[in-house]
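Participant: prediction below, plus the sequence it came from.
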Amino acid sequence: MFSNASFRYSFYSVMDLHTKQRQFSGQLYKYTNVMKGWQYRYFMVDANAGLLHYYLCEGEKPDGSIPRGSVHLAGAVICPSEEDSKTFTVNCASGDMLKLRATDARARQEWVNGLRAVAESHTKSSTSNNPPLPPREQLAVLDAMGCVRTQLQQTEQADLALCRAIEAAGPKFCVDPNLLLLKATSAAALHCLMQCSNILQRNQHAQQVTKTLKPYRKLISRVTKYRSKYRKRESVYRNKKKDKNVMKLQCNFPNTL
């Protein structure tokens, strides 16, 4: 069942992860509420950004492509399941929950260790640099994201019910142009909504990064100015050195220049 599964990350230590962030990826089974079962997905963790992305398959992830789903690992709780030795859950601070299954107990432990290290790193960073939201504001954000997730789940179920109804109607209706158009439009709308949800999550993460970097803006500006001055001085020095070399050549070989 898991013969093609792979885990492409060698976990070293939490301290090593802090000093040199990296990506790790692999194939896992993801439990979906729509299909009420396990679906094979390709997962990739961006340790620098603290994000867990998943794609339909490994070949679906060209550079710059939008993943099928993404969750933030800051504040997430990763728990091995008691059901068996392969299943574990990722409980995000936003309220999202992923139920995943690895190839075996060892692979599960590697995933759990890696995800916990990334989550711990970004949780400490966010809590030290960002003041906590007021209770009402925090609840408003969580309520809004929860509403979005609920609506998406209901839309997925409605799209699935539409497809099943058309298939159950018989061969004649399965090839009806109007029903085929309705089915395609429903699938396209659902895909668009999922992309919008991913963009919303990315915008929230970008805002968190902006807040984190705010105390260092003056330092970044100073470093940029210093670098610019250094490059100008280096350019002047090179030009002077070049002029001196030309003058030496003129003195040594006056008839050749």
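Facilitator: The structure has been received and is ready for your questions.
Participant: please count neighbours and contacts with C-alpha atoms only from this point.
Facilitator: Fine.
Participant: next, residue 79: secondary structure please.
Facilitator: Of the three states, residue 79 takes strand under DSSP: H, G, I helix; E, B strand; the rest coil.
Participant: double-check it against residue 111; I have them as touching.
Facilitator: No. Judged on CA atoms under 8 Å, residue 79 makes no contact with residue 111 at a distance of 10.6 Å.
Participant: higher neighbour count, the two?
Facilitator: Set residue 79 next to residue 111 and count neighbours by other CA atoms under 10 Å: residue 111 wins out with 24 against 14.
Participant: need phi/psi at residue 91.
Facilitator: The phi/psi pair for residue 91 (degrees, to the nearest 10) reads phi -100, psi 110.
Participant: tell me how far it lies from residue 30.
Facilitator: 14 Å (CA to CA, to the nearest Å).
Participant: find residues that contact each of the two.
Facilitator: residue 98 (CA atoms under 8 Å, 6 or more residues apart in numbering).
Participant: for stretch 171-182, measure first residue to last.
Facilitator: Note: stretch 171-182 ends 16 Å apart using CA to CA.
Participant: name the residues of it that are buried.
Facilitator: residue 174 (16 or more other CA atoms under 10 Å).
Participant: what lies in contact with it?
Facilitator: By CA under 8 Å, 6+ apart, stretch 171-182 touches 166-167.
Participant: per-residue confidence averaged over it?
Facilitator: The predicted model assigns stretch 171-182 a mean pLDDT of 84.
Participant: now do stretch 42-53
Facilitator: The pLDDT scores in stretch 42-53 average 88.
Participant: go through it and flag the buried ones.
Facilitator: Going by neighbour count (16+ other CA under 10 Å), the buried part of stretch 42-53 is 42-47, 49-53.
Participant: now these as TSV including distance to residue 220?
Facilitator: Shown next, in TSV, are the buried residues of stretch 42-53 (distance: CA to CA, whole Å):
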residue	distance to residue 220
42	37
43	34
44	30
45	28
46	24
47	23
49	20
50	22
51	25
52	29
53	30
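Participant: now render the residues you listed as JSON lines, adding secondary structure.
Facilitator: Output for the buried residues of stretch 42-53, formatted as JSON lines (three-state DSSP):
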{"residue": "42", "secondary structure": "strand"}
{"residue": "43", "secondary structure": "strand"}
{"residue": "44", "secondary structure": "strand"}
{"residue": "45", "secondary structure": "strand"}
{"residue": "46", "secondary structure": "strand"}
{"residue": "47", "secondary structure": "coil"}
{"residue": "49", "secondary structure": "coil"}
{"residue": "50", "secondary structure": "coil"}
{"residue": "51", "secondary structure": "strand"}
{"residue": "52", "secondary structure": "strand"}
{"residue": "53", "secondary structure": "strand"}
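Participant: which members of those are the farthest-apart pair?
Facilitator: 42 and 49 (18.1 Å; CA to CA).
Participant: which parts of the stretch 101-250 of the chain are strands?
Facilitator: With DSSP state E, counting those that start in this stretch as the criterion, the stretch 101-250 of the chain has no strands.
Participant: need the helices for it, in chain order.
Facilitator: Counting by DSSP state H, counting those that start in this stretch, the stretch 101-250 of the chain has helices at residues 105-129, 135-168, 171-174, 177-213, 217-252.
Participant: ok, which of those comes nearest residue 69?
Facilitator: helix 177-213 (6.5 Å).
Participant: now that closest one: buried residues?
Facilitator: 183, 186-187, 190, 193-195, 197-198, 201-202, 205, 212.
Participant: low pLDDT regions in the stretch 151-257 of the chain?
Facilitator: 204, 208-209, 211-214, 216-217, 243-257 (pLDDT under 70).
Participant: tell me the domain boundaries of the protein?
Facilitator: Per automatic domain parsing, the domain ranges recorded for the chain read 7-11+19-129, 135-215.
Participant: the residue nearest to residue 53 when sequence neighbours are not counted: what secondary structure?
Facilitator: Take residue 53 and drop its neighbours on the chain: the residue closest to it by CA to CA, 6 or more residues apart in numbering is residue 70, 4.4 Å away. Here residue 70 is strand, with the state taken from three-state DSSP.
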